[in-house]
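Engineer: okay, structure incoming, though there's no sequence with it:
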């Protein structure tokens, strides 16, 4: 098939594919629908509201995270058992530093 | 094109061709084409898409329609993935009526790669030059030429393998 013949065939094929384009949606109807979408009130405030909500939720999340941190640190440092296995972390009493001997006062064993 | 009424007049004049082009960009799906065209008009009338006279009005308008169709395609794809994962539903498109043209011809054209189909539509149906088609598609002239030749070749092969109507 010659190039022109093939081009004509493609043209005919595309015309056939577009034969069912009718009825087209009326231009006025599409423009009216587009205008009403464009004037929808949500467009005016939707973006700032979404940004505000995001910032607010981030702030709340940050506050919650920072509010919880000291509590957990305190619980660990004071040794208050909170979990079922926390007794494993308890230190033997009396604390070893309280029984440390003083260098200035000689002990009973040295005098003998 | 500052005057809104002049803009609207230009759009109205090109409306039949624009709808044909929107159909082609939406793989001949009427409902989707209508939605894409409406969104394109909204972009233009609201000033989100501006004609800056770097090409003909028709070329620019077709470019806007093509980009809008690509956005819609991505949106629909994401929606389909989301629906399939979350609700195990069949995609909505299954309920949409089929293509408007001859189904065998349409399926033949659908079998082509998107860019090949686009360039053939623009050149042979919309009567644009290859340079204008490249501008609409947002590709270089050389690239458009490659798509054009490959599209013609693939279409020729598809036609050769297609059973003739009424042959039995």
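Structural biologist: Sure, I can see it. Just so it is clear, the model here is predicted, and its values are computed rather than measured.

Engineer: make it CA atoms for all contacts and neighbour counts henceforth
Structural biologist: Will do.

Engineer: how is residue A:104 assigned, secondary-structure-wise?
Structural biologist: Recorded secondary structure, residue A:104: coil (DSSP: H, G, I helix; E, B strand; the rest coil).

Engineer: any idea how many residues pack against it?
Structural biologist: 6 (other CA atoms under 10 Å in any protein chain shown).

Engineer: please apply the same query to residue B:125.
Structural biologist: Neighbours of residue B:125 (other CA under 10 Å): 19.

Engineer: was I right to think it contacts residue A:14?
Structural biologist: Yes. The pair residue B:125 and residue A:14 qualifies as a contact (CA atoms under 8 Å) at a distance of 6.3 Å.

Engineer: close to chain A: what parts of chain B are there?
Structural biologist: B:12, B:15-16, B:19-20, B:34, B:37-39, B:41-42, B:45-46, B:100-103, B:105-106, B:121, B:124-125, B:156 (CA under 8 Å from any CA of the partner chain).

Engineer: now, of those residues, which are buried?
Structural biologist: The neighbour count (16 or more other CA atoms under 10 Å in any protein chain shown) marks B:12, B:15-16, B:19-20, B:34, B:37-39, B:41-42, B:45, B:100-102, B:105-106, B:121, B:124-125, B:156 as buried among the residues of chain B next to chain A.

Engineer: so how far is the helix or strand where residue B:61 lies from its chain's centroid?
Structural biologist: Per DSSP states H and E: residue B:61 is located in helix B:57-86. Its chain's C-alpha centre and that of helix B:57-86 lie 10 Å apart, by CA atoms, centre = their mean, to the nearest Å.

Engineer: next secondary structure after that helix?
Structural biologist: helix B:103-110.

Engineer: who's in contact with that following helix?
Structural biologist: Residues from elsewhere that reach helix B:103-110, judged by CA atoms under 8 Å, 6 or more residues apart in numbering or on different chains: A:13, A:16-17, B:27-28, B:99, B:117, B:155, B:158-159.
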